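Student: any chance you could fold what I've pasted below:
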Amino acid sequence: MGLFDFLTGGSGPDKALKLKSKVTQKYGEPSTRQKALQQLGEMKYPEAVTVLLSRFTITVDPLTTDADEKEHTFELIKHFGQDAVAPVSAFLKSSDQATSWALRLLQELLAEDALMGVIADTLQHLSSRYTRDPEKKVVLLHHVLGKQDPRVAPAVLPFLEDMSDDVKIAAINVLGPLKYEPAREPLLKLLTSEDTARRVQTVALSALAESGFGVQGYQEKVQAALVEPYSLDKDGRIQRRP
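Tutor: Below you'll find the model as predicted:
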């Protein structure tokens with residue numbers, strides 16, 4: 001640390017990190033928090049982006065102030081340009097909060113191909129760890145719904161075994177239209193398992209009908225699980241009647 005750093009309270013990155021307590025201060029004068037946000041926005045260090053992102057993890061009263069500050073924080077981070085990509089991507093992977101804000105930022109900062117790479121990587125990371133709150137997984141899965149990127153299906157497949165029914169349903173909805181062959185048997189197992197909730201089975205039926213997969217190896221169990229308007233055709237595929 002140089003003499004100037006000593007006199008001003010540390011190097012730029014250190015100063016940014018020291019402002020986190022003010023950025024995440026829920027009570028007291030809003031001006032203290034807002035001044036810290038502005039100071040961070042004027043810095044040129046990745047650490048400043050990391051601290052700014054922490055503003056999305058708290059909610060303050062009144063809600064109008066909270067919304068205004070979060071929008072201002074969004075704009076401050078966006079102005080970091082490509083320097084914000086790494087800290088925002090790291091935040092998306094590590095934080096269970098503010099997933100929608102991180103995605104929104106990355107949509108502004110990255111081309112679609114690069115964005116899908118970050119999301120696929122994050123999904124792979126999440127599929128191997130337990131999270132008490134399924135919201136983050138659901139938000140990410142909803143974001144890749146309808147995407148034809150080849151990285152999506154392999155990243156989503158493990159979520160068919162998630163503990164949360166909401167996560168299972170989100171994953172099924174992604175995989176059905178993709179017609180991803182490795183998903184055939186896991187979907188059939190979900191449909192025919194006695195442990196699967198009825199609402200999950202209903203979505204699995206729809207996905208299997210949309211995918212056109214055959215039910216070989218599960219025909220009797222599938223037949224027992226069918227409900228209107230679904231039936232099996234002569235080729236062993238689930239059909240939805242008009």
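Student: so in this protein, where's the weakest helix or strand by average pLDDT?
Tutor: The helix or strand of the chain with the poorest confidence is helix 3-8; it has a mean of 41 (mean pLDDT, DSSP states H and E).
Student: tell me the confidence at Gly10?
Tutor: pLDDT recorded at Gly10 is 52.
Student: what is the burial count for Ala84?
Tutor: Summarising burial for Ala84: neighbours were counted as other C-beta atoms under 10 Å, giving 24. The C-beta positions use only the backbone N, C-alpha and C, and glycine is treated the same way.
Student: tell me the pLDDT at the most centrally placed residue in the chain?
Tutor: The C-alpha lying nearest the average C-alpha coordinate of the chain belongs to Leu140 (C-alpha atoms, centre = their mean; 2.6 Å). Each residue has a pLDDT score; the one for Leu140 is 98.
Student: ok, residues contacting the helix or strand hosting it?
Tutor: Per DSSP states H and E, Leu140 falls inside helix 135-144. Under the contact criterion C-beta atoms under 8 Å, 6 or more residues apart in numbering, helix 135-144 has outside partners 96, 99-100, 103, 116, 119-120, 122-123, 126, 131, 152, 155-156, 159, 162, 164, 166-167, 170-171, 173-174.
Student: try it again with 6 Å
Tutor: Contacts with helix 135-144, where a contact means C-beta atoms under 6 Å, 6 or more residues apart in numbering, come from Asp96, Thr99, Ser100, Leu103, Leu123, Leu126, Val152, Asp166, Val167, Ala170, Ala171, Val174.
Student: need the contact list for the last one.
Tutor: Contact analysis of Val174 by C-beta under 6 Å, 6+ apart lists Leu141, Val144, Leu145, Val156.
Student: is it true that Leu188 touches Tyr218?
Tutor: Yes - with contact defined as C-beta atoms under 6 Å, Leu188 counts as touching Tyr218 (4.5 Å).
Student: so where's this protein shaky on pLDDT?
Tutor: 1-11 (pLDDT under 70).
Student: now do the strands in it.
Tutor: Here the chain has its strands, by DSSP state E, at 230-232, 238-240.
Student: neighbouring contacts of the last one?
Tutor: Yep, that's strand 238-240 we're talking about. Identification of contacts with strand 238-240 by C-beta under 6 Å, 6+ apart yields Leu208, Ala209, Pro229, Tyr230, Ser231, Asp233.
Student: with distance to Gly81 as added columns, please give those residues in CSV.
Tutor: Shown next, in CSV, are the contacts of strand 238-240 (distance: C-beta to C-beta, whole Å):
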residue, distance to Gly81
Leu208, 44
Ala209, 45
Pro229, 51
Tyr230, 50
Ser231, 55
Asp233, 54
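Student: quick one: buried residues of stretch 109-116?
Tutor: Leu109, Leu110, Leu115, Met116 (16 or more other C-beta atoms under 10 Å).
Student: surely the first one meets Pro87?
Tutor: No - shown here, Leu109 and Pro87 do not form a contact pair, counting by C-beta under 6 Å, at 10.8 Å.
Student: hang on, the earlier thing: now restrict the contacts of Val174 to buried residues only.
Tutor: Buried by 16+ other C-beta under 10 Å: Leu141, Val144, Val156, out of these.
Student: between those residues, which sits nearest Lys44?
Tutor: Val144 (32.9 Å; C-beta to C-beta).
Student: between the strands of the chain, which gets nearest to Ser31?
Tutor: Nearest of those to Ser31, taken as C-beta to C-beta: strand 238-240 at 58.6 Å.
Student: of Leu188 and Tyr218, who's got more company?
Tutor: Applying other C-beta under 10 Å to Leu188 and Tyr218 shows that Leu188 carries more neighbours, namely 23 against 19.
Student: mind listing what the more buried one touches?
Tutor: Contacts of Leu188 by C-beta under 6 Å, 6+ apart are Tyr218.
Student: sweet, I'm off.
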